[in-house]
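# Fold the stuff below for me.
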Amino acid sequence: MVMAPGGNLPGNLPGSLAPADPRVTGEPTSGTLLFLPDGTYDIGALNASRPRDVYIAGNIRLQNNLIMFGNITNVNSIATFQVSANIVAIAGGPMFYGGTAPPGAGSGANGDFYFNTTGGALTTIYQKRGGAWVGIV
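Residues are numbered from 1 along each chain as shown. Presented below is the predicted three-dimensional model:
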């Protein structure tokens, strides 16, 4: 299926692919869904008109950045990632924090890392050891 400027998808589906449009829901396809010209159209929109789930049997290949809101969970329990403001967590592993000042004494657990974006020698990357943050880079 090809979506071209000013045109519709086969079966008179709208080029916008708005998920709320009942003509899109459950529409079968065989082959590749192409968007022409390249890099012009979106599927869904931020906080509105978004598709619910995406199931992929192969790989996801990105040309630019991956921007994520929420968690990444591996269903095979290999690793679970949690991403939030200034924190990345890996289940069963260390937490990764970041900020514009040295880490606070009460934050983090032994083994965690902290990245200080304004740090200098031995104040840029810290690891929590024996209950204290230690500058390692």
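
# who's in contact with K128?
Counting by CB atoms under 8 Å, 6 or more residues apart in numbering, K128 makes contact with 103, 108-114, 134. Quick note: C-beta positions are derived from backbone N, CA and C, even for glycine.

# Among those, which are located in helices?
Among the contacts of K128, no member falls in helices (criterion: DSSP state H).

# Take the residues you listed and, keeping just the buried ones, write it as a ChimeraX select command.
The following ChimeraX line selects those of the contacts of K128 that are buried, judged by 16 or more other CB atoms under 10 Å:
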select :103,108,112,113,114
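
# For stretch 130-137, list the C-alpha coordinates in PDB.
In PDB, the C-alpha atoms belonging to stretch 130-137 read as follows (Å, rounded to 0.1, in the frame of the first residue of the first chain):
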ATOM      1  CA  GLY A 130      29.600   2.000  51.000                       C
ATOM      2  CA  GLY A 131      26.600   4.400  51.300                       C
ATOM      3  CA  ALA A 132      28.600   7.400  49.800                       C
ATOM      4  CA  TRP A 133      28.800   8.900  46.300                       C
ATOM      5  CA  VAL A 134      32.400   8.600  45.000                       C
ATOM      6  CA  GLY A 135      33.600  10.600  42.000                       C
ATOM      7  CA  ILE A 136      35.100   8.200  39.400                       C
ATOM      8  CA  VAL A 137      35.400  10.500  36.300                       C
END
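
# average model confidence for that stretch?
Averaged across stretch 130-137, pLDDT comes to 94.

# Now do the buried residues in it.
Judged by neighbour count using 16+ other CB under 10 Å, the buried positions of stretch 130-137 are 133, 135.

# and if you look at stretch 35-55?
Using 16+ other CB under 10 Å as the test for burial, stretch 35-55 gives F35.

# how long is that stretch end to end?
Distance between the two ends of stretch 35-55: 19 Å, counting by CA to CA, to the nearest Å.

# same question, stretch 37-52
OK, stretch 37-52 end separation, CA to CA: 25 Å.

# Then stretch 58-65?
19 Å.

# which residues of this structure score low on pLDDT?
In the prediction, the chain carries residues with pLDDT under 70 at positions 1-31, 70-84, 91.

# mind redoing it with 50?
The chain contains residues with pLDDT under 50 at 1-26.
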